[in-house]
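got a sequence here, can you build the structure:
(4 chains)
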Amino acid sequence: MRIRVQMFAIARQHAGADSVELEVPAGATVGELRESLFRRLPELGALGTRVLFAVDGEYAGDASPLRSDCEVACIPPVSGG
Amino acid sequence: MRIRVQMFAIARQHAGADSVELEVPAGATVGELRESLFRRLPELGALGTRVLFAVDGEYAGDASPLRSDCEVACIPPVSGG
Amino acid sequence: MIELTREPIDTTALLQRIQSPAAGAVLLFLGTVREFTAGRQTARLEYEAYETMARSKMAELADAAVERWNLVGCAIVHRLGTLELGEASVAVAVSSAHRAASFAAGQWLIDTLKDVVPVWKREIWSDGSTEWVHPEKCPTGAPPPSLPESRA
Amino acid sequence: MIELTREPIDTTALLQRIQSPAAGAVLLFLGTVREFTAGRQTARLEYEAYETMARSKMAELADAAVERWNLVGCAIVHRLGTLELGEASVAVAVSSAHRAASFAAGQWLIDTLKDVVPVWKREIWSDGSTEWVHPEKCPTGAPPPSLPESRA
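Next up, the predicted model:
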């Protein structure tokens, strides 16, 4: 299935775009999406597990399953405030 | 010597005036002034050692000596803020 | 900026005084007139002060806080006279490079102000009765040190 | 009141929103743009957010703080876009019957906001170079719980 991942801050900078589209197996998890995204963007991968993911507006661990209609976002370490 | 004591809040209320004048021996201490004031105003005396005194704008313990030209104030428990 | 005032406290002016490019954190605390205390209804409050000493104690506290927490700015304003429900009786505003100092200094300043600055409030209850407020403190009779924590 | 805004934060309006006769204490915290960080000079900052999630996380934090500390009022505003030195990037304002709750809630809100709300800042240094700020946190890779302390 095709997942569009919204990219912010340094992740957007490395992607050169506001979002990237990735092809992952049906029923893939956030962890699998992470691996696929880090293969595509090794500079982002250098941040490792400090990069989090949100699914439908909530932080989601690597074991969380994805559906093709999820809203997925890549969340590099936040620095608001 | 004659000491004028500025009175505030409940102390002013019990005194019925902004200040009271007390005659104390030359070289008397704050403690002696306290006793004299409490004899004059027993309702104020009921607050006991919670009533503090300031001499020349600084809190002064009972052992502090007084001079006739000191600025003396009676400080009932404060409740600012 | 140390002030006793009979006018409403201008928080915008207060914040402008202490904001600075040297600060990354600003904290403003306001004490406000609350309607209910232990079930009793307040109509309004009246504040009075031993003004010269209150000003000098407030300035001492501000100086001590600036030194102890390396503050960028520090301002304390206390209102006097009659205050209606919801109005601010006291404002403490501080700024610092990082936020921990602002929180610690703000809390110490309001706590210490309530212990040592000669200001008194009188409750005007909604039933028309009045009462000077005298918190149960200082039971030892020892005068409070001017700066209880910072110079002890 | 939860808001993301590209305009300067209006602290007067914010305070009016949370002041109430039910409150005896009001606390406002501002994060402001500091000029120097570890000796390097900042020219300005740029903030961006994952806006829908940032709003919902800010609302979650406010709800949790209101419940935990029985707050009278709670407002959080985060600024986005380009900020000049001294401007406020974030404002947290709370009110409560007594002051301890306002201090505790204010500190928890700003600490937790910095951990979980998806907002990012980019330093524009005075030498023209730029850098996304990514604090060294969450080394375990576990997603931060939405409400780290209040519901753990």
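
show me what from chain A comes close to chain D.
Within chain A, the residues that sit near chain D (CB under 8 Å from any CB of the partner chain) are A:6, A:8-10, A:13, A:47-50, A:52-54, A:57-62, A:73, A:75-81. In this view, the C-beta of every residue, glycine as well, is placed from N, C-alpha and C.

check chain C too.
For chain C, the residues found near chain D under the criterion CB under 8 Å from any CB are C:11-12, C:15, C:19-36, C:85-86, C:88, C:95, C:97, C:99, C:102-103, C:106-107, C:110.

restrict these to those near chain A?
Checked against chain A using CB under 8 Å from any CB, the residues of chain C next to chain D give no members in range.

helices - which of these land there?
Cross-referencing the residues of chain C next to chain D against helices under DSSP state H gives C:11-12, C:15, C:99, C:102-103, C:106-107, C:110.

and the residues of chain A next to chain D, which of them are buried?
A:6, A:8-10, A:13, A:50, A:52-54, A:57, A:59-60, A:62, A:73, A:75-81 (16 or more other CB atoms under 10 Å in any protein chain shown).

among those residues, name the ones in strands.
If you go by DSSP state E, these have A:6, A:52-54, A:59, A:73, A:75 in strands.

closest to residue C:44 out of those residues?
Among these, residue A:59 lies closest to residue C:44 (CB to CB), at 48.4 Å.

now do the closest one against residue A:48, distance only.
The gap separating residue A:59 from residue A:48 is 16 Å, by CB to CB, to the nearest Å.

likewise for residue A:72?
Distance of residue A:72 to residue A:48, computed by CB to CB: 19 Å.

over to residue C:32?
According to CB to CB, residue C:32 and residue A:48 sit 48 Å apart.

could you do residue A:14 as well?
Distance from residue A:14 to residue A:48, by CB to CB: 14 Å.

cool, and residue C:42?
Residue C:42 sits 57 Å away from residue A:48, taking CB to CB as the criterion.

now the residue most central in space within chain C. Nearest residue, chain neighbours left out?
Nearest to the mean C-alpha position of chain C, counting by CA atoms, centre = their mean, stands residue C:90 at 4.4 Å. Using CB to CB, 6 or more residues apart in numbering or on different chains and skipping residues adjacent in sequence, the residue nearest residue C:90 is residue C:31, 4.3 Å away.

now the helices for chain A?
Counting by DSSP H, the helices of chain A are A:9-15, A:30-40, A:42-45.

and of those, who's closest to chain B?
Closest to chain B of the helices of chain A is helix A:9-15 (CB to the nearest CB; 42.7 Å).

what average pLDDT does the closest one get?
Averaging pLDDT along helix A:9-15 gives 97.

how close does the residue of chain C found nearest chain A get to residue D:30?
In chain C, the residue that lies nearest chain A is residue C:99 (8.5 Å; CB to the nearest CB). Taking CB to CB as the criterion, residue C:99 is separated from residue D:30 by 10 Å.

so what's in contact with the two at the same time?
Both residue C:99 and residue D:30 are contacted by C:25, C:27, under the criterion CB atoms under 8 Å, 6 or more residues apart in numbering or on different chains.

spit out the contact partners of residue 4.
Went with chain A since none was named. The neighbours of residue A:4, taking CB under 8 Å, 6+ apart as the test, are A:19-21, A:72.

my question was about chain C, not that one.
C:49, C:51, C:54-55, C:77-80.

same deal with residue C:43?
Residue C:43 sits next to C:85, C:124-126, C:128 when contact means CB under 8 Å, 6+ apart.

check residue C:79 too.
Going by CB under 8 Å, 6+ apart, the list of residues near residue C:79 reads C:4-9, C:47, C:87-90.

at 7 Å instead, please
By CB atoms under 7 Å, 6 or more residues apart in numbering or on different chains, the contact list for residue C:79 reads C:5, C:9, C:47, C:88-90.

quick one: contacts of stretch C:99-109?
For stretch C:99-109, the surrounding residues in contact (CB under 7 Å, 6+ apart) are C:25-27, C:29, C:61, C:65, C:69-71, C:76, C:92, C:94-96, C:149, D:103, D:107, D:110.

buried among these? Make that a PyMOL selection.
Command for PyMOL that selects the buried part of those, burial taken from 16+ other CB under 10 Å:
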select buried, (chain C and resi 25+26+27+29+61+65+69+71+76+92+94+95+96) or (chain D and resi 103+107+110)
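
distance-wise, check the residue in chain A that chain C sits nearest to relative to chain B.
Using CB to the nearest CB, the closest approach of chain A to chain C is made by residue A:81 at 8.5 Å. From residue A:81 across to chain B, the span is 29 Å (CB to the nearest CB, to the nearest Å).

ok, the residue lying closest to that residue once chain neighbours are set aside - how many residues close by?
Sequence neighbours aside, residue D:114 is the residue nearest to residue A:81 in space, at 4.2 Å (criterion: CB to CB, 6+ apart). Using other CB atoms under 10 Å in any protein chain shown, the number of residues around residue D:114 comes to 18.

next, residue D:114: phi, psi?
Residue D:114 adopts backbone torsions of phi -70, psi -20, taken as degrees, to the nearest 10.

what's the answer for the one 5 residues further on, then?
According to degrees, to the nearest 10, the main-chain angles of residue D:119 amount to phi -130, psi 140.

these two touch, right, residue C:78 and residue C:88?
No. Between residue C:78 and residue C:88 there is no contact under CB atoms under 7 Å: 9.7 Å.
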